[in-house]
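K.L.:
coords please:
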Amino acid sequence: MPVTHVTHDLDSRTLTIVADFAAPVERVWQVYADAAQLAQVWGPPTYPATFVRHELTPGGEMHYFMTSPEGERFYGLWRVLTVDEPHQFTFEDAFADENFAVAETLPVSHNTYAFAEHEGGTRATYTGVYPSAEALQQVLEMGMVEGATLSLNQIDALLAG
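P.N.:
The predicted structure follows:
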């Protein structure tokens with residue numbers, strides 16, 4: 001399982017997940033740079049993702065939805081802020097409605113996804129900063145850690161294929 005460490009800190013409003021992959025940084029980067037690959041691993045295995053917009057460039061947006069086993073769709077969007085290929089990108093992550101408008105009742109987080117060489121592979125550090133301790137607590141209670149861990153643990157199979 002790639003996820004090696006998960007921490008959350010209500011005082012700093014952060015959720016950090018660390019994962020190690022047995023692949024070069026450039027290969028792990030491609031998982032995020034290619035919509036077809038990202039769709040295979042974004043979200044838990046029983047909630048497949050569909051990306052309808054994928055722009056991993058500064059100012060770009062990613063629009064996606066995940067479909068539950070019952071057919072219910074959950075929408076989200078990323079607003080890409082910075083890109084330092086293949087080492088890091090930052091973005092705002094928001095829950096959305098079916099028109100990809102930000103869901104005002106759910107928190108927007110500022111995220112940094114960083115990739116570095118580590119022991120012959122890649123260490124990925126995923127950090128989300130939330131607007132308040134209450135917002136972080138809300139997503140923790142929604143199962144963010146469990147869902148993200150399930151999602152990230154799918155990447156090994158994709159990299160091996």
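K.L.:
can we go C-alpha only for contacts and neighbour counts from here?
P.N.:
Fine.
K.L.:
for the chain, what spans make up the helices?
P.N.:
Using DSSP state H, the helices of the chain run over 25-33, 35-41, 133-141, 144-152, 155-160.
K.L.:
Dump these into JSON lines; add distance to residue 96, mean neighbour count and mean pLDDT as well.
P.N.:
Conversion of the helices of the chain to JSON lines gives the following (distance: least, Cα to Cα, whole Å; neighbours: other Cα atoms under 10 Å; pLDDT from 0 to 100):
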{"stretch": "helix 25-33", "distance to residue 96": "20", "mean neighbour count": "19", "mean pLDDT": "97"}
{"stretch": "helix 35-41", "distance to residue 96": "17", "mean neighbour count": "18", "mean pLDDT": "95"}
{"stretch": "helix 133-141", "distance to residue 96": "14", "mean neighbour count": "16", "mean pLDDT": "97"}
{"stretch": "helix 144-152", "distance to residue 96": "16", "mean neighbour count": "18", "mean pLDDT": "92"}
{"stretch": "helix 155-160", "distance to residue 96": "25", "mean neighbour count": "14", "mean pLDDT": "93"}
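K.L.:
Which one of the ones you listed lies nearest to residue 122?
P.N.:
With Cα to Cα, the closest approach to residue 122 among the helices of the chain belongs to helix 25-33: 5.3 Å.
K.L.:
Please identify which of the helices of the chain is closest to residue 60.
P.N.:
Using Cα to Cα, the helices of the chain put helix 25-33 closest to residue 60, at 12.1 Å.
K.L.:
Tell me the helices and strands packed up against that closest one.
P.N.:
Packing partners of helix 25-33 (3 or more Cα pairs under 8 Å, 6 or more residues apart in numbering; DSSP states H and E): helix 35-41, strand 109-118, strand 121-129.
K.L.:
one step back: the helices of the chain: which one's closest to residue 110?
P.N.:
helix 133-141 (11.5 Å).
K.L.:
what packs against the closest one?
P.N.:
Partner elements for helix 133-141 (3+ Cα pairs under 8 Å, 6+ apart): none found.
K.L.:
what does it rub up against?
P.N.:
10-15, 106-107, 130 (Cα atoms under 8 Å, 6 or more residues apart in numbering).
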